[in-house]
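Trainee: give me the fold of what follows.
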Amino acid sequence: MHFSYDPMTRELRWRLLVLMDQHLFPAEAEFAGQDRSGTEPWTRPGGLSKLRELARERGLWNLFLPHPAFGPGLTNLQYAPLAEISGRSPFVAPDAINGAAPDTGVMNVLAEFGTRAQQDRWLRPLLAGDLRSALCLPSPGAVDTGDLRIESHGGGYLLNGHGGLFMAATVPECALLLVMARSGEQRSVALVPVGSPGVELGSGTWSSGYDDGVYGGRTTVRFTDVRVPAHGIVGGDGDGSVISHSLLGPNRLHHCMRLIGMAERGLELMSAAADTEEVQGWSRRARLRIEQARLLALRTAWLMDTESGPAARAGIEDVKAVVPEMTAWVLDRAIRAHGDEESPDGFPLVRLRAHARALMSAR
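Mentor: Residues are numbered from 1 along each chain as shown. Below you'll find the predicted structure:
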């Protein structure tokens, strides 16, 4: 296993680090202070459009997408360090480079399993950043699909039931719901345009004062006799489990790499907070834990690139078990190092920890 950066990764890392330092970190305070009490609380911050333009101009766009026809075609091992860098500013960076969940998952599904017509209608506008999407795609065997079911009807399908939490369904730009529902003993994945007759969105959720605005909130969705044409099914009837297996591995790795980036940011702020013996001890332990978690994640990325099957899946489960707990530990100590207050540079560690926990629950 060789985890050294190849020339393309080195170049992209350099570009992304420069963009972060020059534009994304300075935008954090503005974005964090956005008022979400209005009629459209999940609207993207006004300054984000300019940041997204800069990212596109610098070739830092859709980096997550491994399909050469639609993205740069990076491997998991190449993209992992870029995802980590974006995790250092989770409020701004993933969205600025068009690499934020849940759109990344929806785009991966459409790129790998979508028909040409589905890709033209939905994937290409998502790649361009012209619209957003929402995702409800739980793990195979999970029970959190709610009671969603899809049944054949008149040459198409009818979708009924109450869905689990959809990420970003309430943002104004959201135009598409990607839904997994039971189809007899199998599961199918359907594309449902927002505003379709019979689709009822709930309100965005808040948790402990944190609005999860990075993902546009989360909401439940009720479907009542929603018509889905035959061309609205992704893959084939009953292919939902295959699709979710293909999607969830990379998505979980990306989440964990961003969490490692959050831990790095927390360690940096912790080390700058105080020079006591206790904080020095926390910093040393944090450095060791971050390095161990990163090596485990990179090993998993390598396994995903070089072989499929049990080894790669086991690696993903290992990373899921280690990285979130490590990140929470580092951020907790960083907050304590600051006396349970926000850090002197104005970046809210408490908000960073809340976002990390929201990301953990979404993984």
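Trainee: determine how far the last residue of stretch 108-118 lies from the first.
Mentor: Using CA to CA, to the nearest Å, the gap from the first to the last residue of stretch 108-118 comes to 13 Å.
Trainee: show residues contacting it.
Mentor: Contacting residues not belonging to stretch 108-118 are listed as 64-67, 69-71, 119, 122-123, 126, 137, 178, 189, 191, 231, 234-235, 239, 243, 246-247, 250-251 [CB atoms under 8 Å, 6 or more residues apart in numbering]. (C-beta placed from N, C-alpha, C; glycine too.)
Trainee: only the buried subset of those residues, as a PyMOL command please.
Mentor: Once 16 or more other CB atoms under 10 Å is used to decide burial, the buried members of the contacts of stretch 108-118 can be selected in PyMOL as follows:
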select buried, resi 64+65+66+70+71+119+122+123+126+137+178+189+191+234+235+239+243+246+247+250+251
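Trainee: okay, and which of the contacts of stretch 108-118 map to strands?
Mentor: The subset of the contacts of stretch 108-118 located in strands under the criterion DSSP state E comprises L178, V189, L191, V234.
Trainee: quick one: the first one from F223, how far?
Mentor: Using CB to CB, to the nearest Å, one gets 13 Å for the distance from L178 to F223.
Trainee: quick one, helices of the stretch 1-150 of the chain?
Mentor: In chain order, the stretch 1-150 of the chain shows helices spanning 7-19, 25-32, 48-57, 76-87, 93-96, 103-113, 116-118, 124-128, with DSSP state H, counting those that start in this stretch as the criterion.
Trainee: make JSON lines out of these and add mean pLDDT.
Mentor: Formatted as JSON lines, the helices of the stretch 1-150 of the chain follow (pLDDT from 0 to 100):
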{"stretch": "helix 7-19", "mean pLDDT": "97"}
{"stretch": "helix 25-32", "mean pLDDT": "82"}
{"stretch": "helix 48-57", "mean pLDDT": "95"}
{"stretch": "helix 76-87", "mean pLDDT": "97"}
{"stretch": "helix 93-96", "mean pLDDT": "94"}
{"stretch": "helix 103-113", "mean pLDDT": "93"}
{"stretch": "helix 116-118", "mean pLDDT": "98"}
{"stretch": "helix 124-128", "mean pLDDT": "97"}
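Trainee: wait, which of these is closest to R218?
Mentor: When these are compared by CB to CB, helix 103-113 sits nearest R218, at 14.0 Å.
Trainee: okay, the angle between the closest one and helix 76-87?
Mentor: Here the directions of helix 103-113 and helix 76-87 differ by 160 degrees (axes from the mean of the first three to the mean of the last three CA atoms, to 10 degrees).
Trainee: so what's the residue count around D225?
Mentor: As a burial measure, the neighbour count of D225 was computed by other CB atoms under 10 Å and equals 10.
Trainee: now it: phi and psi?
Mentor: For D225, the backbone dihedrals (degrees, to the nearest 10) come out as phi 50, psi 50.
Trainee: so it makes contact with G156?
Mentor: No: assessed by CB atoms under 8 Å, D225 is found out of contact with G156, at 11.6 Å.
Trainee: excluding residues flanking it in the chain, which one is nearest G71?
Mentor: Closest residue in space to G71, ignoring its immediate chain neighbours: L65 at 2.9 Å, by CB to CB, 6 or more residues apart in numbering.
Trainee: return the helix or strand in the chain with minimum mean pLDDT.
Mentor: Considering only helices and strands, the least confidently modelled element of the chain by mean pLDDT, DSSP states H and E is strand 166-167, at a mean of 71.
Trainee: what helices or strands is it leaning on?
Mentor: Under the contact criterion of 3 or more CB pairs under 8 Å, 6 or more residues apart in numbering; DSSP states H and E, the helices and strands touching strand 166-167 comprise strand 132-136, strand 218-219.
Trainee: picking up where we left off before, for the residue nearest to G71, what are its contacts?
Mentor: If you count contacts by CB under 8 Å, 6+ apart, L65 has them with G71, P72, G73, T104, M107, N108, A111, L127.
Trainee: of these - the most surrounded one?
Mentor: Per-residue neighbour counts (other CB under 10 Å) across those peak at M107, which has 27 neighbours.
Trainee: what pLDDT, on average, does the helix or strand containing M326 get?
Mentor: Using DSSP states H and E, M326 sits within helix 310-337. Along helix 310-337, the predicted local confidence has a mean pLDDT of 92.
Trainee: okay, now the unreliable bits of the chain?
Mentor: Regions of the chain meeting the criterion pLDDT under 70 cover residues 32-42, 137-146, 164-165, 203-217, 340-347, 358-363.
Trainee: still on that earlier bit, so how far is the helix holding M326 from its chain's centroid?
Mentor: 16 Å (CA atoms, centre = their mean, to the nearest Å).
Trainee: flag every buried residue along that helix.
Mentor: Within helix 310-337, the residues that count as buried by 16+ other CB under 10 Å are 312-313, 315-316, 319-320, 322-324, 326-331, 333-337.
Trainee: if we can go back for a sec, who touches both of D225 and G156?
Mentor: Between them, D225 and G156 share no contacting residue, judged by CB under 8 Å, 6+ apart.
Trainee: list the contacts of stretch 300-308.
Mentor: Stretch 300-308 is contacted by residues 1, 3, 75-77, 79-80, 249-250, 253, 311-312, 315-316, 318-319 when judged by CB under 8 Å, 6+ apart.
Trainee: give the buried residues for whatever helix or strand R299 lives in.
Mentor: Of the helices and strands defined by DSSP H and E, R299 is found in helix 277-306. Along helix 277-306, these residues count as buried under the neighbour rule (16+ other CB under 10 Å): 279, 282-283, 286, 289-290, 293-294, 296-304.
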